[in-house]
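1. This is a predicted model, with the sequence first.
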Amino acid sequence: MASLLQQIKQRRVTLGLKQNDMLLRVGISRQQYQRLESKGNPRLDTLELIAKGLNSELLLIPKDKLSAVLAVLEQEPSAFGLSTSTPEHEQIKKSLADDPWQDILRDGQ
């Protein structure tokens with residue numbers, strides 16, 4: 001699994017954003033953001049701010065649940081037995097967007 005800083009960069013690139021774009025999204029200059037991506041040791045509040053700017057959330061995932069979480073994240077729409085154009089697929093997609101873990105992190109389950 002990629003380091004947190006690598007994941008932040010990957011998410012930014014996936015969204016088609018440049019480091020300069022982070023100034024408008026979270027108020028961090030390109031230089032500050034570049035330093036963070038390359039070798040930063042950001043504070044928690046900075047990480048939360050960046051996560052918001054990247055339309056993401058920070059989560060603590062228990063190690064014993066990590067493989068299940070990664071499996072959910074890697075699933076394609078076809079894993080649900082649906083084509084991507086059905087209303088059912090849209091409902092599942094919305095449901096996963098609202099709660100992508102859907103009880104996966106409950107203790108003892």
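-> Done, it's in. Numbering: from 1, shown residues only.

2. now what about stretch 26-44, what contacts it?
-> 5, 8-9, 12, 19-20, 22-23, 46, 49-50, 52-53 (C-beta atoms under 8 Å, 6 or more residues apart in numbering). The C-beta positions use only the backbone N, C-alpha and C, and glycine is treated the same way.

3. Which residues are in contact with Lys9?
-> By C-beta under 8 Å, 6+ apart, the contact list for Lys9 reads Glu37.

4. Can you read off the pLDDT for Leu73?
-> For Leu73, the pLDDT comes out at 80.

5. Restricting to C-alpha, output whatever helix or strand it lives in in PDB.
-> Using DSSP states H and E, Leu73 maps to helix 66-74. C-alpha atoms of helix 66-74 as PDB (Å, rounded to 0.1, in the frame of the first residue of the first chain):
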ATOM      1  CA  LEU A  66      -7.600  -3.800   5.900                       C
ATOM      2  CA  SER A  67      -7.900  -6.600   3.400                       C
ATOM      3  CA  ALA A  68     -11.700  -6.300   3.400                       C
ATOM      4  CA  VAL A  69     -11.600  -2.500   2.900                       C
ATOM      5  CA  LEU A  70      -9.100  -2.800   0.100                       C
ATOM      6  CA  ALA A  71     -11.300  -5.500  -1.600                       C
ATOM      7  CA  VAL A  72     -14.300  -3.100  -1.500                       C
ATOM      8  CA  LEU A  73     -12.200  -0.300  -2.900                       C
ATOM      9  CA  GLU A  74     -11.000  -2.400  -5.800                       C
END
